[in-house]
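A.B. asks: no sequence on this one, just coordinates:
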């Protein structure tokens with residue numbers, strides 16, 4: 001069972017597909033491998049082989065037995081695990097070091113297409129943090145998140161929040177709402193800038209037309225990598241996917257949906273440090289040095305497919321960095337665990353197992369102050385406890401109608417009861433009954449349908 005320690009208080013990004021470069025060093029002559037490109041067409045596609053295997057097992061077991069939920073799960077898990085291990089080795093050999101483009105990718109001809117960048121940064125000596133995200137969407141729209149806290153000064157968020165939709169301001173870089181992200185050096189260096197008004201005060205948990213206290217804020221941060229890239233489409237451990245899919249009722253339609261998901265969405269992450277300066281009206285200039293993640297997600301993500309998820313991002317004092325997500329996508333996998341660990345020596349490993357359960361992680365929508373999970377990666381076990389900061393749980397609506405809600409809960413972590421860490425726990429809930437935000441403007445009048453109704457940080 002998931003070890004959960006319920007606190008006394010309550011509170012109010014994720015699709016995954018799976019590199020090896022070296023951690024950043026003082027020399028820039030060996031940046032290491034770049035993120036992998038999608039698999040060459042000549043390589044047999046995993047979903048196609050899964051479909052063939054599904055057909056064979058359906059014939060062997062009979063459609064009735066194979067289609068029953070959880071039926072023959074050990075056999076299905078074993079077969080999937082063998083196939084995924086073989087295909088994973090093929091993917092690693094076939095992957096080439098094609099660098100990610102310096103500019104946003106042209107969006108696919110799909111209303112759910114996106115190209116998303118997500119950065120976090122946490123101070124190791126005080127309570128300061130920055131969370132920033134930009135995602136290009138169709139029809140000239142952009143999803144934008146911007147939250148920060150400066151220790152001893154206060155909390156700040158973009159005046160659009162909890163809405164996140166703004167106008168896309170550039171095709172050359174990621175830009176929207178005064179926030180820009182620019183690629184400086186392949187897989188090693190990014191620049192994050194902002195110049196505009198932010199709202200000072202407690203993070204809003206629901207929409208309000210009152211502006212609140214707006215102050216002029218300007219910052220420039222340079223992010224540089226400290227780890228390899230983890231590619232979810234290539235590097236993920238196959239055992240967690242095999243376990244999740246083995247619990248599902250197997251049909252040809254199921255494998256067709258899995259094939260579609262894995263061919264449409266790609267994601268990779270790496271950890272690094274942001275260094276720079278922030279200037280706040282009436283507060284002067286402050287130097288920042290923040291440890292955090294860069295996550296790049298692109299392709300097609302239809303968030304109507306996701307019921308909810310919980311994502312843990314944590315960096316620890318000894319240099320360990322971890323990502324753990326538990327996600328429910330009823331059309332394919334009702335309970336899937338994915339994630340990874342970067343070890344202090346630079347090694348990386350996909351999560352092999354976890355006791356994390358969505359049923360025990362604020363399933364009722366009441367987010368508690370403390371949680372604990374266990375997981376294994378790289379042959380080692382990890383016990384992680386999180387103490388959430390009740391004063392720092394910003395909320396973001398998903399799209400123009402808010403059919404989903406993200407809770408970015410800042411947390412202090414403990415690894416194996418000894419090593420302190422910093423990061424966040426992100427809770428996502430799907431809300432089909434949500435209504436459009438009243439009188440919402442995107443900086444200028446919005447026209448036409450809402451092509452970004454189902455958006456996210458993944």
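C.D. replies: Sure thing, it's come through. Keep in mind that what you see is a predicted model, and the values were worked out from it rather than measured.

A.B. asks: Could you list the low-pLDDT ranges of the stretch 51-200 of the chain?
C.D. replies: Across the stretch 51-200 of the chain, the stretches falling below the confidence threshold (pLDDT under 70) are 51-99.

A.B. asks: Same question for the stretch 301-450 of the chain.
C.D. replies: Along the stretch 301-450 of the chain, segments meeting pLDDT under 70 span 400-402, 432-450.

A.B. asks: one more time with 80, if that's ok
C.D. replies: 399-402, 432-450 (pLDDT under 80).

A.B. asks: Which stretches in the stretch 151-300 of the chain count as strands?
C.D. replies: 154-157, 165-167, 174-176, 179-185, 189-200, 213-225, 230-231, 265-280, 284-300 (DSSP state E, counting those that start in this stretch).

A.B. asks: can I get the ones you listed in a markdown table with mean neighbour count?
C.D. replies: Just so you know, the C-beta spots here come from the backbone N, C-alpha and C atoms, and that holds for glycine as well. Formatted as a markdown table, the entries for those read as follows, by neighbours: other Cβ atoms under 10 Å:
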| stretch | mean neighbour count |
| --- | --- |
| strand 154-157 | 20 |
| strand 165-167 | 21 |
| strand 174-176 | 26 |
| strand 179-185 | 18 |
| strand 189-200 | 19 |
| strand 213-225 | 18 |
| strand 230-231 | 26 |
| strand 265-280 | 21 |
| strand 284-300 | 19 |
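
A.B. asks: Same list, the ones you listed, but as CSV with distance to residue 345 please.
C.D. replies: Formatted as CSV, the strands of the stretch 151-300 of the chain follow (distance: least, Cβ to Cβ, whole Å):
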stretch, distance to residue 345
strand 154-157, 36
strand 165-167, 41
strand 174-176, 32
strand 179-185, 24
strand 189-200, 23
strand 213-225, 16
strand 230-231, 15
strand 265-280, 14
strand 284-300, 17
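
A.B. asks: wait, which of the ones you listed is closest to residue 348?
C.D. replies: Taking Cβ to Cβ as the measure, those were each checked against residue 348, and strand 230-231 came out nearest at 5.7 Å.

A.B. asks: quick one: that closest one to chain centroid distance?
C.D. replies: In terms of Cα atoms, centre = their mean, to the nearest Å, the centre of strand 230-231 is found 12 Å from the chain centre.

A.B. asks: do stretch 358-370 as well
C.D. replies: Between the mean C-alpha point of stretch 358-370 and the mean C-alpha point of its chain there is a distance of 19 Å (Cα atoms, centre = their mean).

A.B. asks: May I see the buried residues of it?
C.D. replies: Within stretch 358-370, the residues that qualify as buried are 358, 360-362, 367-369, counting by 16 or more other Cβ atoms under 10 Å.

A.B. asks: hmm, back to that, please identify which of the strands of the stretch 151-300 of the chain is closest to residue 390.
C.D. replies: Ranking these by proximity to residue 390 (Cβ to Cβ) places strand 154-157 first, at 12.2 Å.

A.B. asks: Parallel or antiparallel, which strands does that closest one pair with?
C.D. replies: Paired with strand 154-157 in the same sheet, following DSSP bridges, are strand 141-150 (antiparallel), strand 189-200 (antiparallel).

A.B. asks: Make CSV out of the ones you listed and add distance to residue 165.
C.D. replies: CSV is the format used below for these (distance: least, Cβ to Cβ, whole Å):
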stretch, distance to residue 165
strand 141-150, 6
strand 189-200, 16
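
A.B. asks: Quick one: closest of these to residue 309.
C.D. replies: Evaluated over those, closeness to residue 309 peaks at strand 141-150, with 16.4 Å, by Cβ to Cβ.

A.B. asks: for the strands paired with strand 154-157, which one sits closest to residue 382?
C.D. replies: Counting by Cβ to Cβ, residue 382 lies closest to strand 141-150 out of the strands paired with strand 154-157; the figure is 27.1 Å.

A.B. asks: from the chain's centre, how far out does the closest one sit?
C.D. replies: For strand 141-150 - counting by Cα atoms, centre = their mean - the centre lies 15 Å from the chain centre.

A.B. asks: Please work out the angle formed by the directions of it and strand 179-185.
C.D. replies: Between the axes of strand 141-150 and strand 179-185, defined by axes from the mean of the first three to the mean of the last three Cα atoms, to 10 degrees, the angle is 90 degrees.

A.B. asks: what about the strands paired with strand 154-157, which gets the closest to residue 397?
C.D. replies: With distances scored as Cβ to Cβ, the stretch of those nearest to residue 397 is strand 141-150 (10.3 Å).

A.B. asks: quick one: that closest one to strand 284-300, angle?
C.D. replies: Between strand 141-150 and strand 284-300, the angle comes out at 150 degrees (the same axes, to 10 degrees).

A.B. asks: Show me which positions of strand 141-150 end up buried.
C.D. replies: By neighbour count on 16+ other Cβ under 10 Å, the buried set for strand 141-150 is 141-150.

A.B. asks: for stretch 247-263, same thing?
C.D. replies: Going by 16+ other Cβ under 10 Å, stretch 247-263 has these buried residues: 247-248, 250, 254-255, 257-263.

A.B. asks: Adding distance to residue 239 and pLDDT, write these out as a markdown table.
C.D. replies: What follows is those, written out as a markdown table (distance: Cβ to Cβ, whole Å; pLDDT from 0 to 100):
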| residue | distance to residue 239 | pLDDT |
| --- | --- | --- |
| 247 | 13 | 87 |
| 248 | 16 | 87 |
| 250 | 18 | 81 |
| 254 | 19 | 88 |
| 255 | 19 | 84 |
| 257 | 21 | 90 |
| 258 | 16 | 88 |
| 259 | 20 | 86 |
| 260 | 23 | 88 |
| 261 | 19 | 87 |
| 262 | 17 | 84 |
| 263 | 22 | 87 |
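
A.B. asks: Among these, which one sits closest to residue 195?
C.D. replies: Distance from residue 195 was checked for each of the buried residues of stretch 247-263 by Cβ to Cβ. The minimum falls on residue 261, at 38.1 Å.

A.B. asks: Skipping adjacent residues, who's closest to that closest one in space?
C.D. replies: Nearest in space to residue 261, with sequence neighbours left out and distances taken as Cβ to Cβ, 6 or more residues apart in numbering, is residue 332 at 6.2 Å.

A.B. asks: would you list every one of the strands in the stretch 301-450 of the chain?
C.D. replies: Remark: strands assigned in the stretch 301-450 of the chain by DSSP E, counting those that start in this stretch are 308-316, 321-329, 333-342, 348-354, 370-377, 380-388, 395-397, 404-415, 419-430.

A.B. asks: related to what we said a few turns ago, between the buried residues of stretch 358-370, which sits nearest residue 414?
C.D. replies: Sorting the buried residues of stretch 358-370 by distance to residue 414 puts residue 369 at the head of the list, at 13.9 Å, by Cβ to Cβ.

A.B. asks: Would you agree that closest one is in contact with residue 385?
C.D. replies: No: applying Cβ atoms under 8 Å as the test, residue 369 and residue 385 come out as separate, 11.2 Å apart.

A.B. asks: Spell out which residues are contacts of both of these two.
C.D. replies: In terms of Cβ atoms under 8 Å, 6 or more residues apart in numbering, residue 369 and residue 385 are not both contacted by any residue.

A.B. asks: Closest to residue 120 out of the buried residues of stretch 358-370?
C.D. replies: Taking Cβ to Cβ as the measure, residue 120 lies nearest residue 367 of the buried residues of stretch 358-370, at 18.4 Å.
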